[in-house]
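# I would like the atomic coordinates for the input below:
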Amino acid sequence: MEVSSDQLLALARFAFVRMDGAWFMSAAKKFGVEAAWQLDVDAWRQFAYVMGKRIRALMFPEPAWPGDFLSAVDIFMKILDIPGRKVTLEGDVISIVVTECEVQKAIAKAGIADCGIVTVETYTQMARGLFGRDMGVLVRHVKNLNQGADRCEVLITRQEAAS
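Have a look, this model is predicted:
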C-alpha cells in the first residue's frame, strides 16, 4: 500500500492535535483543570522553543529578523494545520490573524480551556529558539476566537532584550 506525503502530513496533523487534546483531558481528569492548564502552557513553551531551534538548524543557520521568523511561523502553522491565517508586517509589528485553527476547534469543543496564554508563549519561545534565548519579543493576543471574537489576532514586536 502506498501512502502519499500529503496523506502522511494529514495524519500527522490530526494525530498532533488529538494527542495534545488527549493528554490535556487526561491531566485535567487526574490533576484538575488548573494543573492541566499549567502543564499545557509549560509543554507548549518547551515545544515551541525546541521547534524554533530545529527550524533554525534545518533552514536558517543565521536567521534574520523579521523574514526568517515569518518563514518559521508559516512552517509552524502548516504543521499545526492552521489554514485560515494571514500574516502581515506593518512597520515593526507582525500581525497574525487566524480565522480557522484545528487546535482552537478542539479547545472550543472541550470547553475547558483558552489557548491565549499558550499562543503568546508559543510565539515568544519560537522566536527564542530561532534567534537565541536572549531574543526579546513582545507578543500580545488582542483578539481570541475562544472569547467570542471573529478571529484570533496576535501582535508581535521585537524588543531590545528578553525580560
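
# strands of this protein, start to end?
84-90, 93-100, 136-143, 152-159 (DSSP state E).

# quick one: strands adjacent to the last one?
Strands flanking strand 152-159 in the sheet, each with its direction: strand 93-100 (antiparallel), strand 136-143 (antiparallel) (DSSP bridges).

# same check on the shortest one?
Strand 84-90 pairs in its sheet with strand 93-100 (antiparallel), by DSSP bridges.

# output the strand it pairs with in PDB with nothing but the alpha carbons.
The C-alpha trace of strand 93-100 is given here as PDB (Å, rounded to 0.1, in the frame of the first residue of the first chain):
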ATOM      1  CA  VAL A  93       4.700  45.000  14.100                       C
ATOM      2  CA  ILE A  94       4.000  41.500  12.900                       C
ATOM      3  CA  SER A  95       0.200  40.800  12.800                       C
ATOM      4  CA  ILE A  96      -1.000  37.200  12.800                       C
ATOM      5  CA  VAL A  97      -4.700  36.800  12.200                       C
ATOM      6  CA  VAL A  98      -6.300  33.300  12.400                       C
ATOM      7  CA  THR A  99      -9.900  32.500  11.500                       C
ATOM      8  CA  GLU A 100      -9.600  28.700  11.300                       C
END
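
# for the chain, which segments count as helices?
With helices called from DSSP state H, the chain shows them at 5-31, 33-59, 67-79, 102-110, 116-131.

# and those, which one's lowest on average pLDDT?
Note on the helices of the chain: lowest mean pLDDT is at helix 102-110, with a mean of 68.

# surely residue 146 touches residue 115?
Yes - Residue 146 lies in contact with residue 115 (Cβ atoms under 8 Å); the separation is 6.2 Å. In this view, the C-beta of every residue, glycine as well, is placed from N, C-alpha and C.

# more crowded one of the two?
The neighbour comparison of residue 146 against residue 115 (other Cβ atoms under 10 Å) goes to residue 115, with 22 against 16.

# follow-up on the earlier one: reformat the strands of the chain as a markdown table; add distance to residue 28.
A markdown table is the format used below for the strands of the chain (distance: least, Cβ to Cβ, whole Å):
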| stretch | distance to residue 28 |
| --- | --- |
| strand 84-90 | 27 |
| strand 93-100 | 24 |
| strand 136-143 | 22 |
| strand 152-159 | 22 |
